[in-house]
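Novice: Could you look at this predicted model? Sequence included:
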Amino acid sequence: MLDDNDWFTEVHQDAGSAFSLRIRRKVHEEQSPFQTISIYETTDFGHLMVIDGCTMLSSRENFLYHEMLAHPVLFTHPDPRRVCIIGGGDCGTLREVLRHPEVASAVQIDIDERVTRLAERFFPELTAANDDPRTTLLFDDGIRWMREAATASLEVIIIDSTDPVGPAAGLFTDAFYRDCLRVLAPGGLLVQQSESPLYHLDILRGIHRDLRSAGFSDLQTLFFPQTIYPSGWWSATMATRDSTIPAFRAAAANSAFETRYYSADIHRAALAQPPFVTRALRGSGD
């Protein structure tokens, strides 16, 4: 909500907390067929995208999330040629994926085309890879797309979803994960944004439980800062259809492109799991 003093505030009732950014003006708002999308100009964070009252990304900090969703999984898979992104309509994760020269194709499926079109307008730096010949942009139901995709047709699946409510709720189920497992080729990896370990530990526990129920055999959760999301602390969970997730490749330390947050040292550190998370996940099979 935007108050009379020009602060946008997202209140997290269950956690008894809130996060605010100072706003210069609202530059756009529309109701798409799926959700309300608002764009603000902030005083210190550039443009801010808000969907249904929840902060999605800002110009200043989005690199944290996009780099940590894309690079750990792509530097872990030994040959990530065919990549699918479910969600990710702002295209920041897609941009990071296509920094990897070994990626031969990347298909992105987001249900709401308006998110992408507004990103092209207000966050053009994120949509720079949209015209890459390796890119396919689809505006469709990602759950149905995965159900109908060819068996063993992908090396990497990235689930860049919003919170597990509304259209995104079906992306956090064992039925969807079973479809992902079938579509992954041998050695394939999946990664999903898995919410705040401080505020949403029940969701993280459910992700681990449902991934294992679907047949994924080894899981790793990575932890990283995310300034504008609830608690400022976020996670992504990686899973393999094989016996163990391999160690990330040495190329992570000598990549052909520059990053702002991700590095081999950050990757290694992000895998350190706090004891309270370890205890919470024991009931999910970890």
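Specialist: That came through fine. On a predicted model such as this, the values are computed, not experimentally measured, just so you know.
Novice: is it true that L198 lies in a helix?
Specialist: No - per DSSP: H, G, I helix; E, B strand; the rest coil, L198 lies outside any helix segment and is coil.
Novice: hang on, it packs against S235?
Specialist: No - applying CB atoms under 8 Å as the test, L198 and S235 come out as separate, 9.7 Å apart. Bear in mind the C-beta positions are built from the backbone N, C-alpha and C, glycine included.
Novice: I'd like to know the phi and psi angles of the residue nearest in space to the middle of the chain, please.
Specialist: Nearest to the centroid of the C-alpha atoms of the chain, with distances taken as CA atoms, centre = their mean, sits D160, at 3.1 Å. For D160, the backbone dihedrals are phi -100, psi 80 (criterion: degrees, to the nearest 10).
Novice: what's near enough to touch it?
Specialist: With contact taken as CB atoms under 8 Å, 6 or more residues apart in numbering, D160 is in contact with 69, 85-88, 93, 193.
Novice: Next one: it relative to C84, how far apart?
Specialist: 10 Å (CB to CB, to the nearest Å).
Novice: Measure how buried the residue nearest to the residue nearest to the centre of the chain when sequence neighbours are not counted is and give me the count.
Specialist: For D160, the nearest residue in space outside its immediate sequence neighbours is G88; the separation is 3.5 Å by CB to CB, 6 or more residues apart in numbering. Look at G88: counted by other CB atoms under 10 Å, it has 28 neighbours.
Novice: so what's G88 scoring on pLDDT?
Specialist: Per-residue pLDDT puts G88 at 97.
Novice: wait, what's in contact with it?
Specialist: Taking CB under 8 Å, 6+ apart, one finds 94, 108, 110, 158, 160 in contact with G88.
Novice: mind listing the strands for the chain?
Specialist: 7-12, 17-31, 36-42, 47-51, 54-58, 82-87, 105-109, 135-138, 154-160, 184-193, 218-225, 233-240 (DSSP state E).
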